[in-house]
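Undergrad: Fold the following, please.
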Amino acid sequence: MNRKYSQEFKQGAVDQAGQPNVTLAQVTKELGLNTGMLGRWRFELSSHGRKAFKGQGNPRDEELSALKRGLARVKTERDFLRAAATYFAKESK
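TA: Next comes the predicted model:
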């Protein structure tokens, strides 16, 4: 699954990795990232400055992606509630 990270998250991760006495490995482990990904973010920020992390695609694609993520979350919640209802129905008999 490809995760999408906000511009603020990427900036915060790069800032955290730049702190004294903090290693790249510590930050990636704490945030659940790949070391290469954080390195790429650092490079992008140093190369493009404030224009870094603008994303790809058009707003319609981004909206569609957000809707798909929301739908997946709702389906997961529905399946959990369905399983819980089945369990409690069996218990009440």
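
Undergrad: hey, which helix is longest across this protein?
TA: helix 59-92 (DSSP state H).

Undergrad: average pLDDT across that helix?
TA: Mean pLDDT, taken over the full extent of helix 59-92, equals 87.

Undergrad: to the chain's geometric centre, what's the distance from that helix?
TA: The chain centroid and the centroid of helix 59-92 are separated by 18 Å under Cα atoms, centre = their mean, to the nearest Å.

Undergrad: burial count for Gly39?
TA: By other Cβ atoms under 10 Å, 15 other residues sit near Gly39. (C-beta placed from N, C-alpha, C; glycine too.)

Undergrad: got it, and Phe9?
TA: Burial of Phe9, expressed as a neighbour count using other Cβ under 10 Å, amounts to 14.

Undergrad: Secondary structure element for it, which one?
TA: Using DSSP states H and E, the element containing Phe9 is helix 7-17.

Undergrad: Pull out the buried residues from that helix.
TA: By neighbour count with 16 or more other Cβ atoms under 10 Å, helix 7-17 contains the buried residues Lys10, Gln11, Ala13, Val14, Ala17.

Undergrad: Enumerate every residue touching the third one.
TA: For Ala13, the contacting residues are Tyr5, Val27, Leu31, Leu33, Leu38, Trp41, by Cβ atoms under 8 Å, 6 or more residues apart in numbering.

Undergrad: And for Phe9?
TA: With the criterion set at Cβ under 8 Å, 6+ apart, Phe9 makes contact with nothing.

Undergrad: just Thr28 next, same as before
TA: Going by Cβ under 8 Å, 6+ apart, Thr28 touches Asn34, Thr35, Met37, Leu38.

Undergrad: Distance to Thr76, secondary structure and pLDDT added to the contacts of Ala13, as a markdown table?
TA: A markdown table is the format used below for the contacts of Ala13 (distance: Cβ to Cβ, whole Å; DSSP: H, G, I helix; E, B strand; the rest coil; pLDDT from 0 to 100):
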| residue | distance to Thr76 | secondary structure | pLDDT |
| --- | --- | --- | --- |
| Tyr5 | 21 | coil | 80 |
| Val27 | 29 | helix | 89 |
| Leu31 | 23 | helix | 87 |
| Leu33 | 23 | coil | 87 |
| Leu38 | 28 | helix | 89 |
| Trp41 | 28 | helix | 88 |
